[in-house]
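**Student:** Provided below for reference: sequence and predicted model.
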Amino acid sequence: MVAGQEDPARLEGRAALSAGAEAGEVRAAHRFDEAALVRWMEAHVDGFAGPLTIEQFTGGQSNPTYRLTTPGRRYVLRRKPPGPLLKGAHAIEREARVMTALRQTGFPVPQVHGLCLDEAVIGTPFFVMEMVEGRIIWDARFPEVPRAERPAYFDAMGATLASLHQIDAAALGLGDYGRPGNYFHRQIARWSSQYLEDVEAGRDPDMDRLIAWLPDHVPPGEDSAIVHGDFRCDNMIFHPSEPRVVAVLDWELSTLGHPLADFTYHTMMYRMPPDIVAGLAGADLAALNIPGEAEAVAAYCARTRRASIPAYDFYVAFNFFRMAAIFHGIKGRALRGTASSASARERAEQFPRLARLAREAMEACG
């Protein structure tokens, strides 16, 4: 797997890294030498002082994630999982690298306290970062937020993503963080190949149409920016009481890519059924006082100095296609009994719906 591309197993579950996230006993398969971690933190984390209590965040995230608690402070540890891994997958060193670089600009990311690539310490490479206090919103309708305040939260998300796409990657030493050029062609080829090769998971007519159509309709232009890859409301922490993003999480899919792919992955929520991932399809936006899709596009264009996004529906079709391909892969692993999450079969059942949504966006292109 190429660094910066999706580890499909990751989509089978996730854990939040905020103070309010659920954590409990470390699972047997993910236990390690806690005394060795204490010794490492004493040597590499400024201000660390034990004793240390270790809990594991619940969920099926592909990189085991832990809450570390001391009398005066809390931290988060993310590590590669034990056992054989796909090449380039679970690249925790990339997460640590991009967050460390972005923090220099004031972009809202947790502070990374230290990265350890020595497997002898706890068995796999890991990094330790700060525990950010705040709220994670799991439902894209923002039910926990007063109705009058919801537009400000959506504006905060859009502003955060627009600011990311305007950061100079080369100036931060991230000029080599991804492959330059042909982003969509490479992504379409990769996911088409995975879909076609997984014979056990079967074929779908909507996916077959997309595979034939997408490569011939890639819009012109080779824009490149730091992209998050999974920018959704449940992958960020909001201030405890203000409409402000205080930390963007889960940089496992980040790379250098096309900013409009990243932006339309975010706005895909407007067409996403909420029972698949955080989505707003079918919601009464006016009643909820949530800005619409067109408003989100206009705000992003204003912030990034674009007149418009002429090929908008292509980018949406691409993102639904990418997610459908990921869910098709989950379906194949579920059928083979190798899926990493108990919810894999439920995810697999959503594959045809995602393919249909991709085809509908394709047909909207005219």
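**Tutor:** It's in. Residues are numbered from 1 along each chain as shown.

**Student:** ranges for the strands of this protein?
**Tutor:** Under the criterion DSSP state E, the chain contains strands at 23-24, 53-57, 65-69, 74-79, 112-116, 126-130, 225-227, 236-238, 245-248, 255-257.

**Student:** kindly provide the whole-number mean pLDDT of the last one.
**Tutor:** Right, the one you point to is strand 255-257. Per-region confidence: strand 255-257 scores 94 on mean pLDDT.

**Student:** got it, and the third one?
**Tutor:** With pLDDT averaged residue by residue, strand 65-69 scores 93.

**Student:** do the fifth one as well
**Tutor:** Confidence for strand 112-116, expressed as mean pLDDT, is 97.

**Student:** what is that strand packed up against?
**Tutor:** helix 34-44, helix 92-103, strand 126-130 (3 or more C-beta pairs under 8 Å, 6 or more residues apart in numbering; DSSP states H and E). Yep, even glycine has a C-beta here, placed from its N, CA and C like the rest.

**Student:** what mean pLDDT does the longest one get?
**Tutor:** The predicted model gives helix 92-103 an average pLDDT of 95.

**Student:** switch the strands of the chain over to TSV; also include mean neighbour count and distance to residue 320.
**Tutor:** Listed next are these as TSV, based on neighbours: other C-beta atoms under 10 Å; distance: least, C-beta to C-beta, whole Å:
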stretch	mean neighbour count	distance to residue 320
strand 23-24	14	33
strand 53-57	17	29
strand 65-69	22	28
strand 74-79	22	29
strand 112-116	19	33
strand 126-130	23	32
strand 225-227	24	17
strand 236-238	26	22
strand 245-248	22	23
strand 255-257	23	17
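
**Student:** nearest to residue 275, out of those strands?
**Tutor:** Between residue 275 and those, the shortest gap by C-beta to C-beta is with strand 236-238, which sits at 21.3 Å.

**Student:** so of the helices and strands packed on strand 112-116, which one's packed in deepest?
**Tutor:** Stretch with highest mean neighbour count among these: strand 126-130 (a mean of 23; mean count of other C-beta atoms under 10 Å).

**Student:** and the angle from that strand to strand 74-79?
**Tutor:** Here strand 126-130 runs at an angle of 160 degrees relative to strand 74-79 (axes from the mean of the first three to the mean of the last three C-alpha atoms, to 10 degrees).

**Student:** angle of strand 126-130 against strand 65-69?
**Tutor:** Interaxial angle of strand 126-130 relative to strand 65-69 (the same axes, to 10 degrees): 50 degrees.

**Student:** direction included, what does strand 126-130 pair against?
**Tutor:** strand 74-79 (antiparallel), strand 112-116 (antiparallel) (DSSP bridges).

**Student:** hang on, the earlier thing: quick check: which of the helices and strands packed on strand 112-116 is nearest to residue 233?
**Tutor:** Nearest to residue 233 among the helices and strands packed on strand 112-116 is helix 92-103; the distance by C-beta to C-beta comes to 19.1 Å.

**Student:** mind giving me the packing neighbours of the closest one?
**Tutor:** strand 74-79, strand 112-116, strand 126-130.

**Student:** check the model's average confidence along the first one for me.
**Tutor:** What that stands for is strand 74-79. pLDDT averaged over strand 74-79 gives 94.

**Student:** swap in stretch 126-145?
**Tutor:** 95.

**Student:** re earlier: a markdown table for the helices and strands packed on helix 92-103, including distance to residue 278?
**Tutor:** Shown next, in a markdown table, are the helices and strands packed on helix 92-103 (distance: least, C-beta to C-beta, whole Å):
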| stretch | distance to residue 278 |
| --- | --- |
| strand 74-79 | 21 |
| strand 112-116 | 26 |
| strand 126-130 | 23 |
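
**Student:** closest one to residue 267 among the strands paired with strand 126-130?
**Tutor:** That would be strand 74-79 among the strands paired with strand 126-130, by C-beta to C-beta, at 27.9 Å.

**Student:** now that closest one against helix 92-103, angle please.
**Tutor:** Counting by the same axes, to 10 degrees, strand 74-79 lies at 140 degrees to helix 92-103.

**Student:** what sits up against strand 74-79?
**Tutor:** 17, 19, 32, 37, 45, 54, 63-69, 92, 95, 110, 113, 122, 124-131 (C-beta atoms under 8 Å, 6 or more residues apart in numbering).

**Student:** helices of the stretch 101-250 of the chain, start to end?
**Tutor:** Remark: helices assigned in the stretch 101-250 of the chain by DSSP state H, counting those that start in this stretch are 119-122, 150-165, 183-197, 205-213.

**Student:** and residue 239, which of the ones you listed is closest to it?
**Tutor:** Comparing those by C-beta to C-beta, helix 150-165 comes nearest, at 9.0 Å.

**Student:** what's the closest one packed up against?
**Tutor:** By 3+ C-beta pairs under 8 Å, 6+ apart, helix 150-165 packs against strand 225-227, strand 236-238, strand 245-248, helix 259-267, helix 293-304.

**Student:** direction-wise, compare that helix with helix 259-267 and give the angle.
**Tutor:** 160 degrees.

**Student:** out of everything not next to it in sequence, what's closest to the residue most central in space within the chain?
**Tutor:** Residue closest to the average C-alpha location in the chain (C-alpha atoms, centre = their mean): residue 230, at 2.8 Å. Nearest residue to residue 230, sequence neighbours excluded (C-beta to C-beta, 6 or more residues apart in numbering): residue 253, at 5.0 Å.

**Student:** remind me which residues of the stretch 201-350 of the chain are low pLDDT?
**Tutor:** For the stretch 201-350 of the chain, the stretches flagged by pLDDT under 70 are 338-342.

**Student:** just to revisit the earlier point, out of the strands of the chain, which is closest to residue 137?
**Tutor:** Proximity to residue 137, assessed across those by C-beta to C-beta, is greatest for strand 236-238 (6.5 Å).

**Student:** with distance to residue 138 added, can I get the helices of the stretch 101-250 of the chain in TSV?
**Tutor:** Shown next, in TSV, are the helices of the stretch 101-250 of the chain (distance: least, C-beta to C-beta, whole Å):
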stretch	distance to residue 138
helix 119-122	30
helix 150-165	13
helix 183-197	26
helix 205-213	28
